[in-house]
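>>> predicted structure and sequence below. I'll ask about it afterward.
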Amino acid sequence: MIEAHELTKHYGDTTAVESVSFTIAPGTVTGFLGPNGAGKSTTMRLIMGLDRPTSGTVTVNGKPYGQHRAPLREVGALLDAKAVHPGRSARSHLRTMAATHNITPSRVDEVIEMTGLAGVATKRVGGFSLGMGQRLGIAAALLGDPRTLILDEPVNGLDPEGVQWVRQLVRGLAADGRTVFLSSHLMSEMAQTADQLLVIGRGRIIAAGPVLEVIDSVAGGGVRVRSPRAGELAAALAADGVTVTSPEAGTLEVSGTTAEHVGEVACDRGLLLHELSPRRASLEEAYMSLTQDAVEYRSEPTTARRTTKKGKNR
């Protein structure tokens, strides 16, 4: 379990995290979302004792990280996959870590197999691809068989098979009763992986709760309808104060009511339906809505510049 209470961190005049409180419970995968510069990395560093809070507290399994006698057995973390000496092999790096905590060499072999590193275990880390570096970081996090996992962008650089493997891994760890806290910018992957969400913006928590509740709280769903008498159905629904748009002939997008209500209205008027589909907003849509005022670095739309036949800008 991870518990933060009024956690605050200032760097000079800059506030990175402001009065953040949350509880990450065992047996769940909690996704940590937020724009660049929102305070995600700082929060994770505070949990791991790599930075001291200006005020407030954060504990892992009942204690600050630094007070655990065998921290690798309590908390496994992937914060920076590149934080490995490039001249060492993967096996050498893991064995060195294991020696600090009396972890057996057989456990090193287990995590190497588990993370798909067996074929490169004796190669120097400096020659690893980004994906292999991520796998090594995950292996290091799993080394002590910890009760709590903290993973920052664990699927960064992984191919589709690797992304699926990470998803299955963290779901399995949560099912085993462990605490899993991970960040990612891949909304589609987070929607499939996380049970709970914690969304941070400009150093403050702006949303927290089960994934579907967070989505529905900011981006309510709608109903898609297709009917040969769509105009009549639209008029009937509009009379009830429901918002109706028609993206194409014979099709309606309805918001402000349920699919059941739309079906009842159509039935009462004898209107034939070809489709009646409830629609839920995506996590990406909800996330964009939540963080629209918390984006520190915003890109502007761009258009291609016209060029002459000689390739020079006009």
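Yep, it's here.
>>> how much space is there between residue 95 and residue 235?
73 Å (C-beta to C-beta, to the nearest Å). No exception for glycine: its C-beta is placed from N, CA and C like everyone else's.
>>> more neighbours: which of these two?
residue 95 (17 against 11; other C-beta atoms under 10 Å).
>>> which pLDDT value belongs to that one?
Residue 95 carries a pLDDT score of 96 in this model.
>>> and for it, nearest residue in space, chain neighbours not counted?
residue 108 (5.4 Å; C-beta to C-beta, 6 or more residues apart in numbering).
>>> that neighbour: neighbour count?
Neighbours of residue 108 (other C-beta under 10 Å): 23.
>>> element containing it?
helix 105-114 (DSSP states H and E).
>>> now the element after that helix, going C-ward?
helix 130-142.
>>> which residues touch that following helix?
76-78, 80-82, 84, 90, 93-94, 97, 111-112, 114-117, 120, 125, 128, 149-151, 154-159, 162, 166, 169 (C-beta atoms under 8 Å, 6 or more residues apart in numbering).
>>> for it, C-alpha coordinates in PDB please.
Output in PDB follows, covering the C-alpha atoms of helix 130-142 (Å, rounded to 0.1, in the frame of the first residue of the first chain):
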ATOM      1  CA  LEU A 130      15.200   0.700 -25.700                       C
ATOM      2  CA  GLY A 131      12.800  -2.200 -25.300                       C
ATOM      3  CA  MET A 132      15.500  -4.500 -23.900                       C
ATOM      4  CA  GLY A 133      16.500  -1.800 -21.400                       C
ATOM      5  CA  GLN A 134      12.900  -1.600 -20.300                       C
ATOM      6  CA  ARG A 135      12.800  -5.300 -19.700                       C
ATOM      7  CA  LEU A 136      15.900  -5.200 -17.600                       C
ATOM      8  CA  GLY A 137      14.400  -2.400 -15.600                       C
ATOM      9  CA  ILE A 138      11.300  -4.500 -15.000                       C
ATOM     10  CA  ALA A 139      13.500  -7.500 -14.000                       C
ATOM     11  CA  ALA A 140      15.300  -5.300 -11.500                       C
ATOM     12  CA  ALA A 141      11.900  -4.200 -10.000                       C
ATOM     13  CA  LEU A 142      10.800  -7.800  -9.700                       C
END
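>>> tell me which helix or strand comes right after the one helix or strand residue 19 maps to.
Residue 19 belongs to strand 14-24 when assigned by DSSP H and E. Where DSSP H and E defines the elements, the next helix or strand beyond strand 14-24 is strand 29-33.
>>> mind listing the strands that following strand pairs with, and their directions?
Strand pairing for strand 29-33, using DSSP bridges, gives strand 179-183 (parallel), strand 196-201 (parallel).
>>> helices or strands up against whatever helix or strand comes next after it?
Downstream of strand 29-33, the first helix or strand assigned by DSSP H and E is helix 40-47. Judged by 3 or more C-beta pairs under 8 Å, 6 or more residues apart in numbering; DSSP states H and E, helix 40-47 is in contact with strand 2-11, strand 14-24, strand 29-33, strand 55-60, strand 148-152, strand 179-183.
>>> domains for the chain, by residue range?
2-217, 221-279 (automatic domain parsing).
>>> mean neighbour count, distance to residue 215 and mean pLDDT added to the strands paired with strand 29-33, as JSON lines?
Shown next, in JSON lines, are these (neighbours: other C-beta atoms under 10 Å; distance: least, C-beta to C-beta, whole Å; pLDDT from 0 to 100):
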{"stretch": "strand 179-183", "mean neighbour count": "25", "distance to residue 215": "18", "mean pLDDT": "96"}
{"stretch": "strand 196-201", "mean neighbour count": "24", "distance to residue 215": "9", "mean pLDDT": "95"}
